[in-house]
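> Any chance you could fold what I've pasted below:
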Amino acid sequence: EKIHIINNSGWVAFKNAGNCTGEGTYSDPYVIEDLVIDGGGSGSCIWIENSSVYFRIEKCSVSYSSIGIRLSNVNNSLIITNNCSPHYYGIYLSECNNNTISGNIANNNGFGIYLYDSNNNTISGNTANDNAGNGISVNYLWESVSGNNIIISGNTANNNDNGIYLYNSNYSTISGNTANNNTYIGIFISGNNNIISENNAINNSGWIHSFGIVVGVISNYNNTISGNTASNNVYGI
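Next up, the predicted model:
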């Protein structure tokens, strides 16, 4: 059965119905775990919105919906070790801050992991392969002056259209990721004051203008690129 929780009060009702454990605090978060949900081809398997309590979604298998796990205006979540495929979006966050997405599998979707207008989030140790669009995407409608502060580390994003793609992102770190065998670009970032280090972007060569790593050149300043491997692409960096 699909899950839809709205507001902090929705968590209380969800727990009182016996559907999760915890108290919603930092030391004792609400926990949704070990569920298998078939979305029936539409909607979201798990959708949390307008939530500021602490919670974890872990070890769930969600399949066959438009979005596997969806967070809207959510803070303080851990999304860990879930399997999200196939969907249009495996994991989708919009206007969400201070969340961690770690150890998940988001393969064979339209987009694997997708963040929109979301700040101070960590995406680490995930696998986002064989997606029709981007493996991992972070997009902002407007470029922030204060910074977006996204950490993307230790992920694998292979065999997608683009591996890891950040647009209008500032003060973010992309490190230790593998983005190989993508059609267009292994790693792309536009924005200011970002760090791109120790990544592997190899064999991204499915198009005449494919790149290993691309840093946007219009209104992009103070980006640091170091220690990356970008080989066997049409263009390296």
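> Now do the closest residue to Gly112 other than its chain neighbours: how many residues are near it, please.
Computed as C-beta to C-beta, 6 or more residues apart in numbering, the closest residue to Gly112 that is not its neighbour in sequence is Ala128, at 3.1 Å. All C-beta atoms are positioned from the backbone trio N, CA, C, and that covers glycine. The number of residues packed near Ala128 is 33, by other C-beta atoms under 10 Å.
> Checking Trp11 next. Helix, strand or coil?
helix (DSSP: H, G, I helix; E, B strand; the rest coil).
> Quick check: it touching His4?
No - Trp11 lies out of contact with His4 (C-beta atoms under 8 Å); the separation is 11.8 Å.
> Now for the residue nearest the centre of the chain: which residues touch it?
Centroid-nearest residue in the chain: Ile113, 3.5 Å away (criterion: C-alpha atoms, centre = their mean). For Ile113, the contact set (C-beta atoms under 8 Å, 6 or more residues apart in numbering) comprises Gly90, Ile91, Ile101, Asn104, Ala106, Ile123, Asn126, Ala128, Gly135, Ile136, Ser137.
> Let me have those residues in a markdown table, extended by pLDDT and distance to Gly227.
As requested, the contacts of Ile113 are arranged in a markdown table below (pLDDT from 0 to 100; distance: C-beta to C-beta, whole Å):
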| residue | pLDDT | distance to Gly227 |
| --- | --- | --- |
| Gly90 | 99 | 29 |
| Ile91 | 99 | 28 |
| Ile101 | 99 | 24 |
| Asn104 | 99 | 26 |
| Ala106 | 99 | 26 |
| Ile123 | 99 | 20 |
| Asn126 | 99 | 21 |
| Ala128 | 98 | 22 |
| Gly135 | 98 | 21 |
| Ile136 | 98 | 20 |
| Ser137 | 97 | 24 |
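> Ile48: which of those is nearest?
The shortest gap between Ile48 and any of the contacts of Ile113 belongs to Ile91, at 11.7 Å (C-beta to C-beta).
> which residues in the protein form helices?
7-16 (DSSP state H).
> Below-threshold pLDDT in it: ranges please.
The chain contains residues with pLDDT under 70 at 141-147, 207-209, 217-219, 233-237.
> what's the longest strand in it?
strand 65-74 (DSSP state E).
> domains in this protein, as residue ranges please.
1-107, 133-237 (automatic domain parsing).
> ok, the nearest residue to Asn139 once chain neighbours are set aside - contacts?
Take Asn139 and drop its neighbours on the chain: the residue closest to it by C-beta to C-beta, 6+ apart is Tyr167, 4.7 Å away. Contact analysis of Tyr167 by C-beta under 8 Å, 6+ apart lists Ser137, Val138, Asn139, Tyr140, Phe188, Ser190, Gly191.
> and which of these is nearest Asn119?
Tyr140 (8.9 Å).
> which residues touch the closest one?
Tyr116, Asp117, Asn148, Tyr167, Asn168, Ser169.
> Could you give the number of residues near Ser226?
10.
> partners of the nearest residue to it once chain neighbours are set aside in the sheet?
Nearest non-adjacent residue to Ser226, counting by C-beta to C-beta, 6+ apart: Ser197, 4.8 Å away. Following DSSP bridges, Ser197 is listed with bridge partners Ser175, Ser226.
> was I right about Ser197 contacting Asn223?
No - using C-beta under 8 Å, Ser197 is not in contact with Asn223, being 10.8 Å away.
> re earlier: give me the buried subset of the contacts of Tyr140.
By neighbour count, with 16 or more other C-beta atoms under 10 Å, those hold Tyr116, Asp117, Asn148, Tyr167, Asn168, Ser169 as buried.
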